[in-house]
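Visitor: model this:
(2 chains)
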There are 2 protein chains.
Amino acid sequence: MNKETNPGEMNGAESLVRTLIDGGVNVCFTNPGTSEMHFVAALDKVPGMRCILGLFEGVVTGAADGYYRMLGKPASTLLHLAPGLANGLANLHNAKKADSGIVNIVGEHATYHIKYDAPLTADIEGAAAPMSHWVKTSPTSKTVAADGALAIEAATETPGQIATLILPADTAWGPAEAVAVTTAPPAPPKVSDDAVKAAAEMLRTSERATLLMGGAALRQRGLELAGRIAAKTGCGILTEGANTRLERGAGRVQVLRIPYVVELAQEVMKKAGDLVLVGSREPVAFFAYPDKPSLLMDPDAKSTKLAGTDEDMEAALEALAMELDCLDVEPAGIAQPHRPPLPTGEMTKEAVAAVLGAMLPEGAIVIDESITTGREFFPTTAGAPPHDWINNRGGSIGYGLPVAVGAAVACPDRKVIALEGDGSAMYTLQSLWTMARENLDVTVLVFANSSYNILRGELTNVGVQNPGPRAVDMLSLDRPDLDWVQMSKGMGVEASRATTADELATAFEAGLHSEGPYLIEVAI
Amino acid sequence: MNKETNPGEMNGAESLVRTLIDGGVNVCFTNPGTSEMHFVAALDKVPGMRCILGLFEGVVTGAADGYYRMLGKPASTLLHLAPGLANGLANLHNAKKADSGIVNIVGEHATYHIKYDAPLTADIEGAAAPMSHWVKTSPTSKTVAADGALAIEAATETPGQIATLILPADTAWGPAEAVAVTTAPPAPPKVSDDAVKAAAEMLRTSERATLLMGGAALRQRGLELAGRIAAKTGCGILTEGANTRLERGAGRVQVLRIPYVVELAQEVMKKAGDLVLVGSREPVAFFAYPDKPSLLMDPDAKSTKLAGTDEDMEAALEALAMELDCLDVEPAGIAQPHRPPLPTGEMTKEAVAAVLGAMLPEGAIVIDESITTGREFFPTTAGAPPHDWINNRGGSIGYGLPVAVGAAVACPDRKVIALEGDGSAMYTLQSLWTMARENLDVTVLVFANSSYNILRGELTNVGVQNPGPRAVDMLSLDRPDLDWVQMSKGMGVEASRATTADELATAFEAGLHSEGPYLIEVAI
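Guide: I've put the predicted structure just below:
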């Protein structure tokens, strides 16, 4: 990080905006307040920053996550003091678990004002720490550009990091010294020969072995290499339960995810045997349950780490394929083009899955927060034209609609499809307004089962027998039913309700042909 | 905190629920998840806990704030791990600044599961600390009841505290030892004679002096005593810019608030002169602005503290009145009954203020988050029948609708009136669904100016001249306009739109006659 010469009468906010743009950060998702007004004002002085307003901070941080997942480079946020940050923390948590890089900018009171404990005063660094990799409060208007460059550098490491830069108001309105130059982070290191040899040894000698793939290894090239290795060694290929972004569909190497339900996961892991870890960890249960294990691996199985998410995973897979002499072998498990027939009649989970499989367009970006409704979606779409599939890595619901916003901003020429449980969609429904304002090409399916349906199963899973009516009531979203068509139209997004498979196909067609956002309430 | 004998086959969750109920905490606002299922299940085993679901955690924590403000005793919350807590933090911040006591219960992974870093794992204690007074993770199912009692004791101190109790899942499902007995906190201490004498001395000798009242001093009895003191000494009576709950209206001693705008506040403080602080602090500006002071007091004025919010403020005012020999003096500044005439014609801020003044019902609880629209509301309602007026003490917008939920639960026989800027209402609009589900008697006015209007002024206040179109765009909520009638109906709350003063009066009448929630979009 070096400095350019001072371009003159520039305040801290302008120096930061220029530093961000020069450093390749040219999108800012924001919900600003008084302490951020100079940053907002600087947007008109400096061309090159696309600024997108969210009416709630969870939209803002989730959008930055989706943006990174598609482009592999950070957007910035602009949040208002500790409470504005707090509103964005749950989706920062999800982004952190997804290794998404974000330059997370939080306004603060002027340095000299903090001690007076005005209403909005709170410990921003403390609030940011649990959901950030890097936190810094810039002390003066002359340091804010350099600190901005440090934040970009932190966010763009491999894997991405949440870099929270706290910006006291006087660092924005005081005089700047210079625009700062961001140093590109070093390329991720190559894995050691020993790691490659150990993986090869396991694949050659284990009775059963599986490549457990995660992170950026789940792109077409990484999967293709895995497919060659599988063809040569007979190993399996799996991914963790939730992926940051999986390139899949016809012509690509097909992989399955470890199921959410512990018993199903144990079955899968038993078959998987020994594990070669590529951007993944030994799998653990999403939750603990009485008398069920936290670790999902077959207790008799071993694991070896080929590459972590901080290493060059593609090069590691190449090295492994070379070691196994299979770089030119035809990959195993390539998905053949296949579309299920369009269903008719009753709306069921299977019918929804079939509609998706039959109609998913090429290049679609699927944001999957369908929870219980969506467990059939993965197989029926396996042979659809090539597309991306995005999961929630952090488990905090309300990630889907914001991530869809960010993905649509990142890839304006691709169709984004958000698959949403109704309970999840309610958390950050303000996202719909941003979709309307920016005319983002997102088709949203809300599965209106009027229930936190997953929790009904979880009551049993944690050992509660015959839950009473008051418990069940806490998991029910009826009384009153949510009308998603009205809520969506109220935020400017065209919407319709589908009660049969046929109606869903018609509505999905309308969504796919729309060039802006469209919401379908799926009565299921 | 002592323990009763063990009532037998009880798990930790049940022991905690019983401890809460025995300790007087009989309302739980919740948005639970898997790790909280045993707590939810215990609700059916133990009678006496009213459990109210919010579809977003900001609703939950804000409702607990509103409940405390009306009843002066804590409700509990039940939140799902660090991200669920995070979603509730902004309204916990507001509650903390309002000295509201809350037993804030956060589920955690089973103790032995935390080390595996499952998706939802994060530092809950770290996330809770900035917005809590008291944080504890209960280590076992045998300690959770006792820790629950400690949390109740912390929350019920004077003033109230945010007591965050973290509940690992195995502390809920493991065997309990006993229900715990909560010890009532000691009564708040009386102030010293010296404090009373110093206040009396200031009121006797200062050229200008003012009682600056805050917290629980703003109830009828405290204000009446202040009025007697004012009648005797000629001092003024003021409150801070935002109050936890102010009892006002015809027959009560009238007080004004310190204005938000720095220059106006300085004028008021100049007239106020020396300050006797009763549950308040020397006033500070909400934000810092270039070349404006942080401290609003007249630089030549002094202050003396009669009583803090942790002391018996009513007794302090009595002691002061006795010292000044005015306990039987007729209070100064009693508001006379007065209703402005119902306005007709164009919808203006003044017309809205007049409708409120003309129609506000006796016993109303007004939750004021009207931001720029509402600056005329206070004077026109000063002579309305007795009512309560609640402000945001923490400054994080999105407090109003949740606090209205909690106030309505606390006081089912009173009409709650929520005055909401449209930008603020969007943060926690999920509150409407809870109002519908619980059939809460809340009339919501949303002032649809399609703008973060306050920020347009703040751009100028922080010294930005002629903001450009991109800056203004970040403060505008049009493109698309929000349709509050549709959003409200989509969540089950009857709604209408008022575009003239006459229509507003008609709609407000409908709201007042409704026995459940009703929303009015005020086109302004």
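Visitor: pLDDT weak spots in chain A?
Guide: Across chain A, the ranges flagged by pLDDT under 70 are A:1-8.
Visitor: domain assignment for it?
Guide: When chain A is parsed into structural domains using automatic domain parsing, the resulting residue ranges are A:2-181, A:193-323, A:349-523.
Visitor: Burial-wise, tell me which of those comes out on top.
Guide: Comparing the domains of chain A by mean neighbour count (mean count of other C-beta atoms under 10 Å in any protein chain shown), domain A:2-181 ranks first with a mean of 24. C-beta: built from backbone N, CA, C; applies to glycine.
Visitor: So is the helix ranked longest in chain A next to chain B?
Guide: Using DSSP state H to assign secondary structure, the helix with the most residues in chain A is helix A:81-97. Yes. Counting by C-beta under 8 Å from any C-beta of the partner chain, contacts between helix A:81-97 and chain B involve A:81-84, A:86-87, A:89-90, A:93-94, A:97.
Visitor: Torsion angles phi and psi at A:Val446?
Guide: Dihedral pair for A:Val446: phi -100, psi 120, per degrees, to the nearest 10.
Visitor: Hmm, I typed the wrong one, I wanted A:Ala200.
Guide: Backbone torsions of A:Ala200, given as degrees, to the nearest 10, read phi -60, psi -40.
Visitor: Name the nearest residue to A:Ala127, sequence neighbours excluded.
Guide: The shortest distance from A:Ala127 to any residue that is not its chain neighbour, by C-beta to C-beta, 6 or more residues apart in numbering or on different chains, is 4.6 Å, and that residue is B:Pro130.
Visitor: same deal with A:Gly58?
Guide: Computed as C-beta to C-beta, 6+ apart, the closest residue to A:Gly58 that is not its neighbour in sequence is A:Thr428, at 4.6 Å.
Visitor: before we move on, what about A:Thr143?
Guide: Nearest to A:Thr143 is A:Thr171, by C-beta to C-beta, 6+ apart, at 7.3 Å.
Visitor: which residues are contacting the helix or strand where that neighbour lies?
Guide: Using DSSP states H and E, A:Thr171 sits in helix A:169-173. When contacts are taken as C-beta atoms under 8 Å, 6 or more residues apart in numbering or on different chains, the neighbours of helix A:169-173 outside the stretch itself are A:11-13, A:16, A:34-36, A:38-39, A:107-113, A:138-141, A:143-144, B:287-288, B:290, B:462-463.
Visitor: from those residues, which ones fall inside strands?
Guide: Counting by DSSP state E, those place A:107-108 in strands.
Visitor: picking that back up, packing partners for the longest helix of chain A?
Guide: When contacts are defined as 3 or more C-beta pairs under 8 Å, 6 or more residues apart in numbering or on different chains; DSSP states H and E, helix A:81-97 packs onto helix A:57-71, strand A:75-80, strand A:102-108, helix A:124-128, strand A:162-168, helix B:81-97.
Visitor: Next up, the contacts around A:Gly374.
Guide: Residues in contact with A:Gly374, defined by C-beta under 8 Å, 6+ apart, are A:349, A:353, A:368, A:419, A:447.
Visitor: now for the residues you listed, which pair is the farthest apart?
Guide: Looking at these by C-beta to C-beta, the two members farthest from one another are A:Lys349 and A:Asp368, with 13.6 Å of separation.
Visitor: all strands in the stretch 401-524 of chain A, in order from the N-terminus.
Guide: In chain order, the stretch 401-524 of chain A shows strands spanning A:416-421, A:442-448, A:494-498, A:518-523, with DSSP state E, counting those that start in this stretch as the criterion.
Visitor: Output these in a markdown table; the columns should cover distance to B:Asn453.
Guide: Shown next, in a markdown table, are the strands of the stretch 401-524 of chain A (distance: least, C-beta to C-beta, whole Å):
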| stretch | distance to B:Asn453 |
| --- | --- |
| strand A:416-421 | 31 |
| strand A:442-448 | 29 |
| strand A:494-498 | 28 |
| strand A:518-523 | 29 |
